[in-house]
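Enquirer: Below is the structure, and that's it, no one-letter string:
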């Protein structure tokens, strides 16, 4: 029996690499091909299982060091005493010049803004798994996150600003208060731009003003309000992010 | 076109590099070493990177996966893979701890076991495409193989993984069937 389904099409379908207008045609073909649709189901399940198994790594604390220019030059020079001395002199000179630029950076305990920026960068590019609970289950989402954060949480609406709630996920506790988990809500504009709002318990319980931080292209506004620290992160202009942060703040403090 | 990146530019890629390394090696310590070596090597070789350096997406990310692939081939792969098989139980239990349900735990355990039994080249493709969501072209760039090779490894790897998971399921694991794959409780 001849089938119109090509091997590569099965993978392209599973990986979301088939153009939207062709997906329907392919789904129709799948309905008539039990073996192919079983494979699609199995491969999608494999991808889901991979995410279930390894997504936790994205936000684990770690002790990796960013490269240090002085270190690498030192390591490249291993030879006789003369070379060692030369390397030492060069190392000292470069170290002196480049001290600020390349200082060894031990990853600190993540600050609110850092954690938000890292979580944003980690989860926003996910095509299929940006959130654990979708916005369609908003009641469940809010109840679930509130329970885990041990305080009532609200999901601000940004629809009027052009961002709809996609859903949320829980991040492992890293740098928050004790073992308290951290919630991440994600929003998306019609053009596919995503914002993430990180919420975590704060020890200080001291309200703060809006603060701004930038990590690469990711800008973050963050503040502490009552028991929670909030950080809104996005790859958008600072003014726009500032405006959205105020919308979030107002909704949380009606 | 010349361009460069700073250590801070590397920082944003660390979570994904760590995730890929963990899935690739199946071992926490080996994965951290692999990621650290990748960061060092990327920095040492940074002159080789420029926007669009053969990387279809023109992104630093795919280039970093290419660097990690090379480090993996040159170091980790040289160690006997049996070494990481010994700690399978540990790391599986460790990772399950962050997930809620027993069902998810079984799925997680099964996929980790099955991954270990795949040939390296198939595991790499499956992870870069299925987990890291690189395009086929980017995966080919990262692994220095043509797209046709990416597709054939993907095809063989996914089919092999399916058999391995089915065998597991037949042995009484509950991690089979779509209903157990809900990650949300």
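Expert: Right, received. Where do you want to start? All values reported here derive from a predicted model rather than from experimental measurement.
Enquirer: Look up the closest residue to the residue in the stretch 51-200 of chain A that chain B sits nearest to, ignoring the ones flanking it.
Expert: Closest to chain B within the stretch 51-200 of chain A is residue A:67: 3.3 Å, counting by Cβ to the nearest Cβ. Placement of C-beta: from N, CA and C, glycine included. Among residues not flanking residue A:67 along the chain, residue B:43 sits closest, at 3.3 Å (Cβ to Cβ, 6 or more residues apart in numbering or on different chains).
Enquirer: go on, residue A:186?
Expert: Once flanking residues are discounted, residue A:186 sits nearest to residue A:166: 4.4 Å by Cβ to Cβ, 6+ apart.
Enquirer: From residue B:122, how far off is the one you found?
Expert: Applying Cβ to Cβ, to the nearest Å, the value for residue A:166 to residue B:122 is 32 Å.
Enquirer: what secondary structure does the residue nearest to residue A:186 sit in?
Expert: Classification of residue A:166 by DSSP: H, G, I helix; E, B strand; the rest coil places it in strand.
Enquirer: Go ahead and confirm it touches residue A:188.
Expert: Yes - the pair residue A:166 / residue A:188 is scored as a contact, 5.0 Å apart, by Cβ atoms under 8 Å.
Enquirer: joint contacts of the two?
Expert: Common neighbours of residue A:166 and residue A:188, counting by Cβ atoms under 8 Å, 6 or more residues apart in numbering or on different chains, are residue A:194.
Enquirer: tell me which residues of the longest helix belonging to chain A are tucked away?
Expert: When chain A is parsed with DSSP state H, its longest helix is helix A:34-54. Using 16 or more other Cβ atoms under 10 Å in any protein chain shown as the test for burial, helix A:34-54 gives A:36-37, A:39-40, A:42-54.
Enquirer: near chain B too, which of the residues you listed?
Expert: Checked against chain B using Cβ under 8 Å from any Cβ of the partner chain, those yield the following neighbours: A:39, A:42-43, A:45-54.
Enquirer: out of those residues, which one sits closest to residue A:240?
Expert: Checking those against residue A:240 with Cβ to Cβ, the nearest one is residue A:51 at 30.5 Å.
Enquirer: The closest one contacts residue B:133, doesn't it?
Expert: No - at 9.9 Å, residue A:51 does not count as touching residue B:133 under the criterion of Cβ under 8 Å.
Enquirer: Contacts for the lengthiest helix in chain B next, please.
Expert: What stands out as the longest helix in chain B, according to DSSP H, is helix B:147-170. Residues outside helix B:147-170 that contact it (Cβ under 8 Å, 6+ apart): A:7-8, A:11, A:39, A:42-43, A:46, B:110-111, B:113-115, B:117-119, B:121-126, B:129, B:136-137, B:139-140, B:143, B:145, B:175-176.
Enquirer: Narrow those to just the buried residues.
Expert: Buried members of these, counted by 16+ other Cβ under 10 Å: A:8, A:11, A:39, A:42-43, A:46, B:110-111, B:113-115, B:118, B:122-126, B:129, B:136, B:139-140, B:143, B:145, B:175-176.
Enquirer: ok, so what distance separates the residue of chain B found nearest chain A from residue B:8?
Expert: In chain B, the residue that lies nearest chain A is residue B:43 (3.3 Å; Cβ to the nearest Cβ). Going from residue B:43 to residue B:8 by Cβ to Cβ gives 12 Å.
Enquirer: and these two? which has more neighbours close in?
Expert: Per other Cβ atoms under 10 Å in any protein chain shown, whichever of residue B:43 and residue B:8 has more neighbours is residue B:43, with 20 against 11.
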